[in-house]
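1. I'll drop the sequence and a predicted model, then ask my questions.
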Amino acid sequence: MSTLLKREHIIYGNLTQQAYTIDTFLGAGTQGEVYRAHANGKLVAIKWYFPHYIQNDLPLRQRLENAIRKGSPDNNFLWPLELVTQPNNAGFGYVMPLRPSNFKSIVDLMRRRAEPSFSALISACLQLSESFLQLHAKGLCYRDINFNNVFFDPNTGDILICDNDNVDVNGATGAINGTPRFMAPELVRGDEPPNTESDLFSLSILLFYMLMLHHPLEGKKEAAIRCFDQSAMNRLYGTEPLFIFDPQDTSNAPVAGLHDNALVYWVLYPQFLRDVFTRAFTTGINDQHGRIRENEWRVILINLRDSLFYCGCGAQNFYDADNVKQCWACNKDLVYPPRLRINNAVVMLNHDTKLYPHHTDQTQKFNFSAPLAAVNRHPQDPNRWGLQNLGNNAWTITLADNSVKIVDSQRSVNLAAGIVINFGNTSAEINV
Amino acid sequence: MIEIIKRPGGAMANRPLHFFWLADCSGSMYGEKIEQLNYAIRNAIKPMQDVAADNPNAQVMVRAVKFSTGAQWHIATATPVEEFKWDNLSSNGVTDMGQALQLVAEQLDVSLMPERCLPPVLVLVSDGQPTDDFSAGLAALMSKPWGKKSVRIGIGIGQDADLDVLQKFIGNPEVKPLQANNAEDLVKYIRWASTVVLQAASAPASQVKDQVSTGVVPIPQAPAADIDTDDVW
């Protein structure tokens, strides 16, 4: 096969003068080809551009140099490390970390070749929101959120974001407008260039796809299209976008037999998730100010993960204020575990639940660095469940009879109804 | 141990994409040319399958028509791309390209096509000039809604290929016929048609700014023909 670079070709890093030896061709996209290469026994990935792409994207080199100088927003990006060139070749590319093989593509998720648990899937969505927050907070715009630029570990929910060569300062003129199905309607119509707000729309699309395995605008209107061509896409995603679960307008509702995933998943998730997606694709569809920001996604996704509990069959279900009665997998009546009400959120106390500073300290929102509490079993009586204090500070608990006790570090409190735990500056009540 | 079902539902909903090869098997293809075409298509199978596997929006079905004196189905049944195999073609006879278009036009009739599809992709490969009524064949194709909506690519083999005819087949001035003057170009073009074009017809890649697209779908740029030295451009 004819590729731009060949095995054993040597290319050089512009910053380090490092010699990278090409090993294998990994794949090609519309902009160039990606190879695995090595230097000093260390494996890296190299993206090398097609000559015609370089001609079409003149600011590319400058953009990459800026990205390299700024550095990666966080550890979840396969960020450009340095430019690479080859003697007697006007082409160029860049070096980035190599993606480990345990990371699967979103396409694998859509095709059911990667099957994360709900909790791992939600963790992946959460990490995506956090990483795009870091990128946007730096004043940057990603421009091309889509299936092919995100990878995830189905076991842990860790994510990696690649193709960071379109990233530019928000508002800069770039070469890429985005990918159909993910572009905000104003971009599809050609009314606006990509910006942070259109990134937020694409992020909502990606999160909907990941959680529902379906596109939020593909309902009756999609079903009525015979040939799904460019003009059909422009209509569906640009000029007449309508959310499939728009509460005011059911003319684009999902069609049974064609859009089953949307119908299956929508009712499975708690109302608060449905509400935020509804806002994202109703008020947020045409009004850039109505887009859901990453911090809101973070709160919602953490609450969503905290609402998971297990049916006796092993399937993970979502707690939705006592509204869900039967397990989606075995159809048996669900038995809710004890749960902790912290402010407006509910954390299900499953056999494997852990609490983090995010839960126990209102000044430590989003801190998941080390667990401060874990559900455990009484050492002598396996039928008694408790919440163990894994932190250094004692908790004060108030029992149903208003008596007060102290739970020192490493001690546990019974999971009994009505107990209020004061973690320091946050209180929570156990419900059963 | 019983495997716990982690999440309900099925794979993401998608649509069929019908892909047709239209291969010239006339006498002038005899020898190296037909073998180069056989090789180029066999070479493109794996990349085509990989692209299809990475595209959750399409379910790719492949068929092939061969034309020389008359036209016949080479692969008559719409075959899922994962099962697509290529039996080598041999060559003799004239270039009844029009009849090949008639055959494809029949299959693109709304009565024979699924109700909901992605635009069909038609790749016509020829080394010469039609010997039958090409215009009638093209008119038959364009009389079918699915024919009109199809994405058409024309690849000419060698200097004698009739690029004007291929351009008429393509029917979009922005997309030019590709002229393969050597085996390597042919491999490259066949691969491009069966991967990049396939992808564009179902899940267009990142949209380049100010991209004008008047066709059914935006067709990305074809690879440049090889100049002798690898790295000169």
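-> Arrived safely, thanks for sending.
2. now do the SS call for the spatially most central residue of chain A.
-> The centre of chain A sits closest to residue A:125, judged by Cα atoms, centre = their mean, with a distance of 2.2 Å. Taking DSSP: H, G, I helix; E, B strand; the rest coil as the rule, one finds residue A:125 in the helix state.
3. how near is it to residue A:364?
-> Here the criterion is Cβ to Cβ, to the nearest Å. By it, residue A:125 lies 21 Å from residue A:364. (Glycine included, C-beta is placed from N, CA and C.)
4. just residue A:357 next, same as before
-> Residue A:357 sits 4 Å away from residue A:364, going by Cβ to Cβ.
5. those two: who's more crowded?
-> For residue A:357 versus residue A:364, neighbours defined as other Cβ atoms under 10 Å in any protein chain shown are more numerous around residue A:357 (20 against 16).
6. the worst-scoring helix or strand of chain A on mean pLDDT packs against which elements?
-> For chain A, counting by mean pLDDT, DSSP states H and E, strand A:176-178 ranks last in confidence among helices and strands (a mean of 83). Using 3 or more Cβ pairs under 8 Å, 6 or more residues apart in numbering or on different chains; DSSP states H and E, the elements in contact with strand A:176-178 are strand B:207-208.
7. show me the shaky parts of chain A.
-> Within chain A, the stretches with pLDDT under 70 are A:1.
8. at which residues are the helices of it located?
-> Under the criterion DSSP state H, chain A carries helices at the ranges A:51-56, A:60-70, A:106-110, A:118-137, A:185-188, A:196-212, A:220-223, A:230-234, A:260-266, A:271-281, A:283-286, A:294-306, A:357-360.
9. can you tell me if the second one touches chain B.
-> No. Applying Cβ under 8 Å from any Cβ of the partner chain, one finds that helix A:60-70 is not in contact with chain B, the shortest distance being 11.9 Å.
10. also the first one?
-> Yes. Judged by Cβ under 8 Å from any Cβ, helix A:51-56 and chain B are in contact via A:51, A:52, A:56.
11. from those, keep the buried residues only.
-> Buried residues within the residues of helix A:51-56 next to chain B, counting neighbours by 16 or more other Cβ atoms under 10 Å in any protein chain shown: A:51, A:56.
12. and of the residues of helix A:51-56 next to chain B, the nearest to chain B?
-> When the residues of helix A:51-56 next to chain B are compared for distance to chain B (Cβ to the nearest Cβ), residue A:51 comes out closest, at 4.6 Å.
13. separation between that closest one and residue B:185?
-> On the measure of Cβ to Cβ, residue A:51 and residue B:185 end up 16 Å apart.
14. do the same with residue B:220
-> 17 Å.
15. ok, residue B:190 touching residue B:44?
-> Yes. Here residue B:190 reaches residue B:44: they are 4.9 Å apart, a contact under Cβ atoms under 8 Å.
16. returning to what we had before: need the helices of chain A in TSV (columns: distance to residue A:328).
-> Written out in TSV, the entries for those read as follows (distance: least, Cβ to Cβ, whole Å):
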stretch	distance to residue A:328
helix A:51-56	46
helix A:60-70	43
helix A:106-110	18
helix A:118-137	10
helix A:185-188	33
helix A:196-212	14
helix A:220-223	25
helix A:230-234	32
helix A:260-266	8
helix A:271-281	15
helix A:283-286	28
helix A:294-306	15
helix A:357-360	26
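17. now stretch A:222-230: buried residues?
-> Neighbour counts over stretch A:222-230 (16+ other Cβ under 10 Å) mark A:222, A:223, A:225, A:226, A:227, A:228, A:229, A:230 as buried.
18. sweet, I'm off.
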